[in-house]
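Peer 1: give me a model of this one.
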Amino acid sequence: MGKIKSKVSYLKVYLGRPAQYLRQCWAVLLIITVLTACNQGEKVPENVTFTQHVAPILYKNCTICHRPGGNAHFSLVTYEDARKNASSNAFVTKEKMMPPWPADPHYTEFIGQRMLTDREIKILGKWASEGAPLGPTDAMPKLPQYPIGSTIGTPDIRIPVIPTHLPANSLDKFLLVKVPYELPSDTFAALIEFMPGTHNVVHHVNGDFVKYKSEEKTNVFEGQKVFDMVFDTTSLVDAFKKMGLPNDNGTFPHMQKSVVNYLPGAAGQLYPTDIGGYYLPRKGVFLLNDIHYGFTRKEDITDSSYINIFFAKLPPKRPIQEFQLGTLSSFGNAPVEPDMNIEPNTVKNVWSKFKVPEDISILTINPHMHLLGKSFKAYALKPNGDTIRLISIPRWDFSWQYFYTFKKMVKIPAGSTIVAEGVYDNTRQNLNNPFSPPQLITDQSGSMKATDEMFQFIVSYLPYQAGDENVSLERK
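Peer 2: Below you'll find the predicted structure:
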């Protein structure tokens with residue numbers, strides 16, 4: 001207490017202030033004291049152990065993937081798992097390579113983002129440098145309970161996708177795959193989730209939903225299940241016929257677009273009960289109209305992916321809508337500018353714009369680029385000139401392409417212009433460049449090959465209703 005009084009006296013003398021300023025000085029000292037206490041709380045413990053300090057960090061941020069049955073190629077669940085990988089964990093976290101979260105959290109925050117604090121990074125580094133001690137066993141935290149075979153929980157139904165054999169060292173493979181089902185009765189689905197097989201060789205999936213009326217289709221399981229979209233020259237309409245997709249009378253049933261999609265790192269998103277969801281007729285087909293397998297590893301692989309269905313008790317009141325800017329734009333009037341011809345040994349800036357005709361509420365966004373991608377940014381310009389931040393990815397990573405869901409819906413007023421900006425690096429300095437020396441890269445009129453390029457910004461939204469901006473999208 002004596003020290004505090006002496007500091008107050010010092011401030012009074014130094015500032016030459018009369019006594020009425022004493023209260024202000026106390027306020028300054030209080031702030032200094034609080035900041036000092038906070039800084040002390042951020043200090044790295046003198047003796048860092050696995051059970052007391054490291055395990056809580058790993059269980060919160062890492063073992064969702066790094067566990068038996070997870071997407072990562074090694075586990076960090078046990079002490080021995082973590083000890084063997086201590087040095088590499090220290091390096092990748094210090095370099096901000098892990099946990100993988102490309103979006104800049106200072107620009108916009110999203111549901112599910114996992115980022116380590118500076119203190120946590122220092123703890124992992126110190127633990128590795130000091131020999132990775134175990135610590136008191138009674139301080140070991142409880143391992144979180146993770147869903148098996150899903151990113152969010154236990155599905156009501158799991159439908160296998162026909163297994164696909166991938167020879168060693170094969171090139172990109174694009175398949176059209178039919179996944180039929182039949183239920184006891186019509187129902188509703190809150191979420192339809194694609195899950196890749198254990199080898200994690202699926203790069204992406206764009207899937208639609210073919211809905212049948214029972215009296216118009218006898219057998220949804222008839223017909224060919226797979227078409228190779230690269231080597232099979234059959235037209236899409238003829239392919240649909242060979243797959244048995246038409247009704248029994250030859251007419252085509254209703255097809256709902258973009259129902260089951262997948263990208264590396266993406267997790268299924270369950271919205272509040274009155275948002276999203278699907279009517280699920282008794283008979284139907286999930287049509288994976290573009291399942292892309294990337295470069296295969298050195299051994300033959302058989303992929304056994306599957307689709308999870310989570311039922312809903314009530315029909316969706318507010319169906320989600322979607323549009324996209326850039327390559328294969330939904331409107332044709334939001335193209336990539338100036339173009340997607342990326343000359344060798346150049347760094348190129350591109351953009352795409354779309355003017356929103358009505359008030360909308362954005363739920364989820366998905367930026368998309370390929371191997372030459374360097375950075376991505378999207379925002380909306382309101383009619384009055386104000387900016388609404390959507391996403392900034394300063395260091396693009398082809399390996400991690402999420403569906404980013406906002407914590408609350410974002411209102412975009414009618415007349416606003418949504419802008420997406422991208423930078424591509426077609427030089428030798430880009431370690432992800434698929435060609436050496438660099439070659440001319442284009443989008444090949446919408447090619448989805450990893451060695452071609454794309455620039456897309458996909459927006460999932462609802463027509464705006466009063467109060468949307470206050471609705472939490474966090475999973476309950």
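Peer 1: which other residues reach stretch 315-332?
Peer 2: 188, 257-258, 271, 274-279, 334-336, 340, 352-354, 363, 368, 418, 420, 443, 446, 454-463, 465 (CB atoms under 8 Å, 6 or more residues apart in numbering). C-beta coordinates here come from the backbone N, C-alpha and C atoms, glycine included.
Peer 1: which of those residues count as buried?
Peer 2: If you count burial by 16 or more other CB atoms under 10 Å, the buried members of the contacts of stretch 315-332 come out as 271, 275-279, 334-336, 340, 352-354, 363, 368, 418, 420, 443, 454-462.
Peer 1: mind checking the SS state of residue 179?
Peer 2: Secondary structure state of residue 179, per DSSP: H, G, I helix; E, B strand; the rest coil, is strand.
Peer 1: quick one, what contacts it?
Peer 2: Residue 179 makes contact with 159, 161-162, 285-288, 307, according to CB under 8 Å, 6+ apart.
Peer 1: strands along the stretch 351-476 of the chain, start to end?
Peer 2: Ranges of strands in the stretch 351-476 of the chain, per DSSP state E, counting those that start in this stretch, are 360-369, 373-381, 387-393, 404-412, 417-426, 455-463.
Peer 1: contacting residues around the fifth one?
Peer 2: Contacts with strand 417-426, where a contact means CB under 8 Å, 6+ apart, come from 325-326, 342-356, 367, 369, 372-381, 390, 412, 433, 438, 441, 453, 455, 457, 459.
Peer 1: outline the domain layout of the protein.
Peer 2: Following automatic domain parsing, one finds the domains of the chain at 2-41, 50-139, 157-318, 322-470.
Peer 1: run the chain-centre distance for the longest one.
Peer 2: Domain 157-318 sits 20 Å away from the centroid of its parent chain (CA atoms, centre = their mean, to the nearest Å).
Peer 1: pull up the distance across that domain, start to finish.
Peer 2: With CA to CA, to the nearest Å applied, domain 157-318 spans 24 Å between its terminal residues.
Peer 1: now for residue 169, how many residues are close by?
Peer 2: Residue 169 is flanked by 11 other residues according to other CB atoms under 10 Å.
Peer 1: check it and give its pLDDT.
Peer 2: According to the prediction, residue 169 has pLDDT 71.
Peer 1: tell me if I'm right that it and residue 301 touch.
Peer 2: No: contact criterion CB atoms under 8 Å: residue 169 and residue 301 do not qualify, at 10.8 Å.
Peer 1: show the backbone phi and psi for residue 225.
Peer 2: Taking degrees, to the nearest 10, you get phi -100, psi -30 for the backbone angles of residue 225.
Peer 1: coming back round to it: using CSV, please lay out the strands of the stretch 351-476 of the chain together with mean pLDDT and distance to residue 243.
Peer 2: Output for the strands of the stretch 351-476 of the chain, formatted as CSV (pLDDT from 0 to 100; distance: least, CB to CB, whole Å):
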stretch, mean pLDDT, distance to residue 243
strand 360-369, 95, 27
strand 373-381, 98, 34
strand 387-393, 98, 37
strand 404-412, 96, 33
strand 417-426, 98, 35
strand 455-463, 95, 26
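Peer 1: just the helices in the stretch 101-250 of the chain please.
Peer 2: Here the stretch 101-250 of the chain has its helices, by DSSP state H, counting those that start in this stretch, at 118-129, 236-242.
Peer 1: to residue 102, which of the ones you listed lies closest?
Peer 2: helix 118-129 (17.3 Å; CB to CB).
Peer 1: give me every residue that touches the residue positioned nearest the centre of the chain.
Peer 2: What sits nearest the mean C-alpha location of the chain, by CA atoms, centre = their mean, is residue 402, with 1.6 Å. For residue 402, the contacting residues are 102-103, 263, 265-267, 366, by CB under 8 Å, 6+ apart.
Peer 1: same check, this time on residue 282
Peer 2: By CB under 8 Å, 6+ apart, the residues touching residue 282 are 182-186, 214.
Peer 1: need the pLDDT of residue 258.
Peer 2: What the model reports as pLDDT for residue 258 is 81.
Peer 1: helix/strand/coil for the residue lying closest to it once chain neighbours are set aside?
Peer 2: Once flanking residues are discounted, residue 258 sits nearest to residue 322: 5.8 Å by CB to CB, 6 or more residues apart in numbering. What three-state DSSP gives for residue 322 is strand.
Peer 1: for residue 322, list each beta-bridge partner.
Peer 2: When assigned by DSSP bridges, residue 322 has beta-bridge partners residue 460.
Peer 1: tell me how far stretch 411-424 lies from the chain's centre.
Peer 2: For stretch 411-424, the distance to the chain centre is 19 Å (CA atoms, centre = their mean).
Peer 1: for that stretch, list every residue counted as buried.
Peer 2: Of the residues in stretch 411-424, 411-413, 416, 418-424 count as buried by neighbour count, 16+ other CB under 10 Å.
Peer 1: how about stretch 121-139?
Peer 2: 121-128, 132, 134-135.
Peer 1: same check, this time on stretch 168-175
Peer 2: For stretch 168-175, the neighbour count (16+ other CB under 10 Å) marks 170, 172-175 as buried.
Peer 1: any weak-confidence spans in this protein?
Peer 2: Residue ranges of the chain with pLDDT under 70: 1-41, 170, 230-231, 265, 295-297, 331, 446-448, 475-476.
Peer 1: all strands for the stretch 101-250 of the chain, in order.
Peer 2: 157-160, 164-166, 173-182, 187-195, 202-211, 226-228.
Peer 1: do you know which of those strands lies nearest residue 395?
Peer 2: Short answer: strand 202-211, nearest of those by CB to CB, at 19.9 Å.
Peer 1: sheet-wise, list the partners of that closest one with their directions.
Peer 2: In the sheet, strand 202-211 lines up against strand 254-262 (antiparallel), strand 283-293 (antiparallel) (DSSP bridges).
Peer 1: and the contacts of residue 282 as JSON lines, adding distance to residue 236 and neighbour count?
Peer 2: Listed next are the contacts of residue 282 as JSON lines, based on distance: CB to CB, whole Å; neighbours: other CB atoms under 10 Å:
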{"residue": "182", "distance to residue 236": "25", "neighbour count": "13"}
{"residue": "183", "distance to residue 236": "27", "neighbour count": "14"}
{"residue": "184", "distance to residue 236": "32", "neighbour count": "6"}
{"residue": "185", "distance to residue 236": "32", "neighbour count": "8"}
{"residue": "186", "distance to residue 236": "28", "neighbour count": "14"}
{"residue": "214", "distance to residue 236": "26", "neighbour count": "13"}
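Peer 1: which one of those residues is nearest to residue 192?
Peer 2: Taking CB to CB as the measure, residue 192 lies nearest residue 183 of those, at 13.1 Å.
Peer 1: residue contacts, that closest one?
Peer 2: 157, 280, 282-283.
Peer 1: out of these, which is nearest to residue 84?
Peer 2: Checking the contacts of residue 183 against residue 84 with CB to CB, the nearest one is residue 157 at 38.2 Å.
Peer 1: who does the closest one bridge with?
Peer 2: residue 309.
Peer 1: wait, it sits on residue 308?
Peer 2: Yes: between residue 157 and residue 308 there is a contact under CB under 8 Å: 7.4 Å.
Peer 1: what's the local residue count around residue 180?
Peer 2: By other CB under 10 Å, the residues close to residue 180 number 21.
Peer 1: now it: closest residue in space, sequence neighbours ignored.
Peer 2: Leaving aside its sequence neighbours, residue 180 sits nearest to residue 220 (CB to CB, 6+ apart; 4.3 Å).
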